[in-house]
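Peer 1: Sequence first, then the predicted structure:
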Amino acid sequence: MHALRSRLITTGTFGPLLILASACNLAALDILIKLLGPSFSVWDIAFYRFFFGLLLLMAVFGWKKDFFISFNPKLMTITSIINALGFLALAASIRMITLSTAMVLFFSFPAFAAFFSIVLFRERITKKNMFYILLALCGIMILFEFTLDGSFLGQALGLFAGLIIGLTLVLIRKLREQDGPAIIYFYYCLAGCIMACPFYITAPHIPQNSAEVLIVVGIVLTSIAAMLLLNTGLRYCKSWESGIILTNELVFTALFGIFFFGDPVTWRFLLGGLLILGSVIALNIGNDRKAPFTGADR
């Protein structure tokens, strides 16, 4: 296993594979939330995701006396808060405008990740790579049959969520220089739990049967898997590269819909998915990431 990992790192495919696996888990998370139904509010889902994620991480890693210590507590706090705000902004946007509009606005985050990479850390992005970012965004708009509708506030929140997540990807990559993937997700869950708890306790919805319990458990597990894979992958990929790869979440979600819910295969799915996948393949063929920066595994 170690030899395989070393080979994947050497060939520059380890990071992209981790990010792709994260996108697959995020797609599964989307489907589970859809299956949970409208009786669960945004605050119910957020609380269960963050609270039980927090408990599980403490159970697995809490015995390590230095697990709760961040090497950069100020940046960790800022990143955790804005990451949780991004999730809540997206959730609010989805409630206010159509899902397609909200998701297309949100998936502008690869462009924002590229922008913040340049502004904050002076990363160099070629014109060719910017073209790949635009290609992925075009694929998203085609996939969702994008039209700008709904309230201005809902649109603003969707775009704000994209901006926040783009910034978060850049900051997490910076954190990965010293902190491990688990502690980054732990503090994200802590910040999200603090934000969601006051709204949850005013009108909590408890799972009523075994099916709902299993779905909630699935939400917790896929959330943890997705974020740990993402946080680990950011050690080997630049933040804006990770953003492009993460757009495959939409393709995986659409595939789940086709295979499990009988959704039709449309030309929009084929063309949009092809543009997204094509941009990711072209990006990884054209870039060299054989020497990742030194980062923490804790």
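Peer 2: Right, received. Where do you want to start?

Peer 1: for residue 213, helix, strand, or coil?
Peer 2: Here residue 213 takes the helix state, with states given by DSSP: H, G, I helix; E, B strand; the rest coil.

Peer 1: from what I can see it touches residue 207, true?
Peer 2: Yes - using CB atoms under 8 Å, residue 213 is in contact with residue 207, at 4.6 Å. C-betas here are computed from N, CA, C, even on glycine.

Peer 1: which one of these two has more residues nearby?
Peer 2: More crowded of residue 213 and residue 207, by other CB atoms under 10 Å: residue 207, with 17 against 12.

Peer 1: Check what pLDDT that one gets.
Peer 2: We have a pLDDT of 91 for residue 207.

Peer 1: For it, which residues are in contact?
Peer 2: Residue 207 makes contact with 213, 215, 216 under the criterion CB atoms under 8 Å, 6 or more residues apart in numbering.

Peer 1: Please apply the same query to residue 228.
Peer 2: Counted by CB under 8 Å, 6+ apart, residue 228 has contacts 181, 182, 185.

Peer 1: sec struct for it, please.
Peer 2: On the basis of three-state DSSP, residue 228 is classed as helix.

Peer 1: if I look at it, how far off is residue 33?
Peer 2: 19 Å (CB to CB, to the nearest Å).

Peer 1: Ok, residue 164 next?
Peer 2: From residue 164 to residue 33 the distance is 19 Å (CB to CB).

Peer 1: what do you get for residue 180?
Peer 2: With distances taken as CB to CB, residue 180 is found 27 Å from residue 33.

Peer 1: same deal with residue 106?
Peer 2: Look at residue 106 and residue 33: by CB to CB, they are 14 Å apart.

Peer 1: so how far is residue 199 from residue 82?
Peer 2: Distance from residue 82 to residue 199, by CB to CB: 19 Å.

Peer 1: repeat for residue 252
Peer 2: For residue 252 relative to residue 199 (CB to CB), the value is 30 Å.

Peer 1: Give me the more crowded residue out of those two.
Peer 2: More crowded of residue 252 and residue 199, by other CB under 10 Å: residue 252, with 19 against 16.
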